[in-house]
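J.: A predicted structure for the sequence below; I have some questions about it.
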Amino acid sequence: MLNMKKYLPILFVFLWFAINAQEHFPKNNGIKTPNKGYTAFVNATIYANPTKIIKNGTLLIKDKKIVAVGLNIKLPKNTVQINVKGLYIYPSFIDLYSDFGITKPKRDKNFSLSSQWNSKRDGYYWNDHIRPETNAVNFYKYDVKTAKALLKLGFGVVNTHVKDGIARGTSVLTSLDQNTTNNTRIISQKAAQHFAFTKSVTSRQSYPTSLMGSIALLRQFFNDVNWYKNQKNTNDISLDAQINNESLPLIFDANDKLNAIRVSKISKLFHLNAIIKGKGNEFERINEIKATNARYIIPLNFPKPYDVSNPYTANQIALSDLRFWNQAPANLAILAKNKVSFCLTTADLKAKKDFIPNLLKAIKYGLDKETALAALTTIPAKYLQKENVIGSLKKDAYANFLITSKPIFDKGSIIYENWIQGSKNILEDRNIIPISGKYFFQIDAKKYNIIFTGESNKIKAKVTLDSMVLKSKTTYKNNWLNVLINPLDTTKTEFIRLISKINTVSEFSGNAILENGTKTTWKAIKERVKPVSKQRKKKKNTSKEVFILPVTFPNIAYGFIKKPKQQDFLIKNVTVWTNEKDGIIKNKDVFIRNGKIYKILDTDTQTFNKNFIRIDGTNKHLTAGIIDEHSHIAISDGVNEAGQNNSAEVTIQDVVKSNDINMYRNLAGGVTTSQLLHGSANPIGGRAALIKLKWGENPDVMQYKDHKFIKFALGENVKHSRSPYNSHRFPQTRMGVEQVYMDNFTRAKEYDYKKKHGKEVRYDQELEVLAEILNKERFITCHSYIQSEITMLMRVAEKFNFKVNTFTHILEGYKVADKMKQHGVGASTFSDWWAYKYEVNDAIPYNGAILHKKGIVVAFNSDDAEMSRRLNQEAAKAVKYGNISEEEAWKFVTLNPAKLLHIDHRVGSIKVGKDADLVLWNTNPLSVYAKAEKTFIDGILYFDIERDLKQQQLIKKERNKLINLMLIEKNKGVKTQKPKKKAPKLYTCETVAY
Amino acid sequence: MKNILFLLFVGIGSVAMSQQIPAPKQTETITIIGATAHIGNGKVIPNSIVVFKNGTLTTVQSNSGVNKHLGKVIRAKGKHIYPAFIAPNTTLGLAEIDAVKATLDVTEIGTFNPHIRSIVAYNPESKVTETVRSNGVLIGQITPRGGYISGTSSVVQFDAWNYEDAILREDDGIHLNWPKSFNRSGWWAQPGSISENKKYDKQIQTIVSFFDNTKENTDTPNLKFEALKGLFNGSKTLYIHVNGEKEIIDAITFKNQFSILNLVLVGAFDAYKVTDLLKKNAIAVILKRTHSLPTAEDQDIKLPFKLAKLLDDAGILVAFDPAGGMERMNTRNLPFYAGTAVAYGLDYEKAITMLTLNPAKILGIDTQIGSLEVGKDATLFISSGDALDMRTNNVENAFINGREINLDTHQKQLYRKFSTK
């Protein structure tokens, strides 16, 4: 084989090291006098910023900076002029969310089965995941390979940080120039401060083990920062660092639409004005995202289509995942349409080279080019308050700009050069003459055809002789074309080599070296191609219009395309389980108006009010909606904050997940209200959320405001009875559990006293919450099993002069029913669970009946996403086990939990004026044969068994459509991803992982 | 009357705070008059007379009013008689308290354990079983768990002094857990996504080679291979625990590859997708617990409730599987799993068949058990109301082989004890 490179003059790119050396550095490899001349780029179309376009403009730069941009600029003497006629100049791009040049922190290798409860650092904040003292500048090392990739995409400046921990410290703003040192590159050593919800890999400190724990930790931390400002005797390196970082822009990696809303709440609480790094799914909750009023950094990692060629494996993919593939590219367009401020990042992209194709896709999906350009230039500059130096082409800004062949977001646009801080980084040779097209040439009286395709130096050639394709290899650099043609007979090693310096496009000539080594000349002549008619072109364009599925609420199967509205209903001739004095009454007309129960009248066939939607209730039963006192559905990322034995600081209210399919399944079982409880890992658990299952709404709309409950827990779980290793966390016995309470309430009492008497306290979320309990402003629902611990907690409460509101599970409650009655506590129990652990060995299904007969308010709860959709059946077990009347048994899952949750003035019975949270059943709701046909919440029909059937058909259709679209993609050769199944997240009290 | 009964019970309860005493052999003929008899084969006799003698049914017919009332008469007008409900694939008696390891005899270590026999660990005095039989479930197939082949099950009745007394059919079948083509990555503390199991084919190969080896004749008998022999001569049934569509097809291919005579699928959530194949191969299904969540986010949310009907419509022999979360204590809810299937379209008497005659056929005990037919064992119960509905299920009398069993439980005793407080 011949070495072809021999034939190519090798042209070195000018290296500008000399120019960019530091003034105060000695120089031993040449003269020190710098080149301080002017350079002007003339005749270009200059996008000084996304809205200021200068045609035939001039860009004048000197050193690192821009001197002038515009028309008719007077060039100083000795200006080097570079004619870029026909080309385009843009500001280089900026990425605010990068870890460029930062080595990924290493995971702590000291693995132990036992949890690490405390920090192992000394002098820092008590939690290892709070690391504001980290300054990326100390770790930053220019990474040539990544820089090259980013330069190619058009990036000139990145804001890079250590992506590790909850508080991550400061980032460094640096240019990507290849030709200089960090002394020049670094624009700002501390450009922004960074936060996220995920823990540091460098520490195994347990806390926080949940998303709500991360949120609570951040709240405590920002409070501590304020407290620390007035402390003289304490030193904390982390808090000091945070105080120093305070003035910097704050970037928070939310990495999800719902998390973005959560970040926004923290941001508002502490006036952080956070810039939120998103995930790309913001469009699914666009109204809420818009309402955050926050600024966003959005990645462009669109999912690849799934490989659905195997129907068995394709079946495993959830509709929501299939759909997300279809919708995700529209995210940016939707954000822009809703006037959400955002910039773009290459973060989360597995292959950085996908950035530009994905951006072009987003543009195809409706993102306007001006917004796209701004999101890469002016917006990120503004977010960092660096708009004077980067992001646009103006006087005194850094000379960071791109020279492109076409408008930058046009198909086939080439970035030739990426100038950074006045230094040239060549990406493509812009002086190359484009030779794509069809040519012919003759050698040895044989006529060859050659077709060149592709751009500049990536050109490919196809050589044919008498319509036979000859294998060939082509290089094209610096206008030198070199073609190596294989012989037709592939067993031979006789090649034809063509070489030519290109000057014109229509024809060119050069030397040819034939098989036998003879040197001759060759001449390629371009064939004329008929221009494609405009009409045909147009047609082609319209057929490529994108197909985007509508976003549903929530954006998964069974979501609503249009959120249902409150309507006025009349349910005629129905049997009503009032849960009031009237008991169960037949042949009634129930009117629902403005979300409330409006009237209950005897059925009168004459009554006809056209303002109400009529529903025939003949032979059907209408009840109040089921209320589940103990549920763990609809929770994001962790039901237990298991990192400490008191987790009063966390609240499920922070992490309600509005797109859990179990909400819809529960609605179909007649559930309208669920209390979402913290798990049972700790004696003092987290605060609870109470939601109405308003399918499609956001977490805030679902929640009862001012729900003031907290989960406590006793027994085997909190004393770590079944840890697979030796646990060292206090408590390990029921004796210790009592002392956890004594200790915490004693401290809370003191804390509260100090606060009430105007004395200074360090704000402590846990003690704040416990003080609310002492002040009877917050209520306990306590996971409990055996009689001793039940009595113990009541006695602790009595010592501190408050009452336990509810014992949940309470399977041995029947043994101490009299004591419970005396204390005034309610019971929310299981109908028939037992024998799953030692402490439920004496659990009996008659528990509810005994407690009820003793006059205690009794509820049956689920603690299980499957059972919660059949709580009507569970209520019936109170009839079976213990002979409770049907009327009373029904209250176990409706009115009684409402009482326990202090919402019985609103829900739990059918009474004029109460919320229209109602369920229409086909038969007696206690029967195993009962089906909820319609479920209303606040007069809104959220579940309808008929709509459900239609939905199933729509789901099938949509799946089929999406699978076909993906097959088309696969056939086109688009890279696919392997099918995966959505892993359901089902929590119980005991789930520690998330 | 109830109060008197109650006091009577208190009397008994205060003496016997322990296991119930197994009932003695039937000596007196018993006649049950007036109840609605659910025969178990799909038929129902609204006003029936049922007579049994020496543990065997002698009369099951419509109550014409002229029959001689033999022996002890139980008047059961308005009540229901059912053949004993059968819990296939259960771990009752193999464990007492889930969280206490010392009480667990459910899972042996090892991948291929056909020689592991559940019957020897079966505890006939389990307090959990008492609560199950008092809801009408009187017979169970005691099945070990774990590994690819978890072991050999046996069928027992729930009123016995010891495991040998309890046996209805010893070593009835071998249980094979089929690999999953999709599995979850990660570990318990950090579960990953569910994606294609790359080892699936290899795992099947492992099973195939194990069975291949059984053909080799060695001089020394191999315990494992000896245990498998029954699968090839039809004396044992192979129970393949499998749920996915692809896996079911693979399992059936496997059955045919090794000419296994009796195959029953356990779980078989996706069986409704391949009913033709099941029918063609005459394969019965012990159907995954009705009270389960859908297996996918966009699935029909009521699909688990509807599967029994879907399979029945396709002509598949179906029984209800109690396995799943808290499977032992929840076995007392087995009748209600069937009830929910009825709510979603299954014919009521078909549901009874799926709790009685169908599992009896599957377990190979249908000559004795499974329906109220003359000549069969008098293993049945009377409920004052519809036994499939928790609202009305109230088992008043239960008989195993004509022996009237004590329906008292540890839980009822505690109820009585603390009702007196």
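T.: Received the coordinates, thanks.
J.: hey, C-alpha coordinates of stretch B:316-330 in PDB?
T.: The C-alpha trace of stretch B:316-330 is given here as PDB (Å, rounded to 0.1, in the frame of the first residue of the first chain):
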ATOM      1  CA  ILE B 316     -59.200 -23.700  30.000                       C
ATOM      2  CA  LEU B 317     -59.400 -25.600  33.300                       C
ATOM      3  CA  VAL B 318     -58.700 -23.000  36.000                       C
ATOM      4  CA  ALA B 319     -58.100 -22.900  39.700                       C
ATOM      5  CA  PHE B 320     -57.400 -20.000  42.000                       C
ATOM      6  CA  ASP B 321     -53.900 -19.400  43.300                       C
ATOM      7  CA  PRO B 322     -53.500 -18.000  46.800                       C
ATOM      8  CA  ALA B 323     -49.700 -17.300  46.400                       C
ATOM      9  CA  GLY B 324     -48.400 -13.800  46.700                       C
ATOM     10  CA  GLY B 325     -47.800 -11.300  49.500                       C
ATOM     11  CA  MET B 326     -48.600 -12.600  52.900                       C
ATOM     12  CA  GLU B 327     -49.800 -15.800  51.200                       C
ATOM     13  CA  ARG B 328     -50.500 -18.000  54.200                       C
ATOM     14  CA  MET B 329     -52.600 -15.600  56.300                       C
ATOM     15  CA  ASN B 330     -54.400 -14.400  53.100                       C
END
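J.: Report the buried residues of it.
T.: The neighbour-count check on stretch B:316-330 (16 or more other Cβ atoms under 10 Å in any protein chain shown) flags B:316-323, B:327-330 as buried. No exception for glycine: its C-beta is placed from N, CA and C like everyone else's.
J.: can you tell me the helix or strand for A:Ile215?
T.: Using DSSP states H and E, A:Ile215 falls within helix A:211-228.
J.: Give me the contacts around the helix or strand following that helix.
T.: Next along the chain after helix A:211-228, taking DSSP H and E as the criterion, comes helix A:237-245. Helix A:237-245 has contacts (Cβ atoms under 8 Å, 6 or more residues apart in numbering or on different chains) with A:123-125, A:130-133, A:167, A:169-170, A:190, A:193, A:221, A:224-225, A:228-229.
J.: and those residues, which are buried?
T.: Neighbour counting by 16+ other Cβ under 10 Å classes A:124-125, A:130-133, A:167, A:169-170, A:190, A:193, A:221, A:224-225, A:228 among those as buried.
J.: Go ahead and confirm B:Ile174 touches B:Lys236.
T.: Yes - here B:Ile174 lies in contact with B:Lys236, judged by Cβ atoms under 8 Å, at a distance of 5.9 Å.
J.: what do those two both touch?
T.: Residues touching both B:Ile174 and B:Lys236 by Cβ under 8 Å, 6+ apart: B:152, B:230.
J.: can you list the weak-confidence ranges in the stretch 801-950 of chain A?
T.: The model of the stretch 801-950 of chain A has no residue with pLDDT under 70.
J.: For it, which segments are assigned as strands?
T.: Taking DSSP state E, counting those that start in this stretch to define them, one finds strands in the stretch 801-950 of chain A at A:806-809, A:826-829, A:858-860, A:918-921, A:932-937, A:940-944.
J.: Using a markdown table, lay out those together with distance to chain B and mean neighbour count.
T.: Shown next, in a markdown table, are the strands of the stretch 801-950 of chain A (distance: least, Cβ to the nearest Cβ, whole Å; neighbours: other Cβ atoms under 10 Å in any protein chain shown):
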| stretch | distance to chain B | mean neighbour count |
| --- | --- | --- |
| strand A:806-809 | 14 | 29 |
| strand A:826-829 | 14 | 28 |
| strand A:858-860 | 12 | 29 |
| strand A:918-921 | 11 | 26 |
| strand A:932-937 | 11 | 25 |
| strand A:940-944 | 10 | 23 |
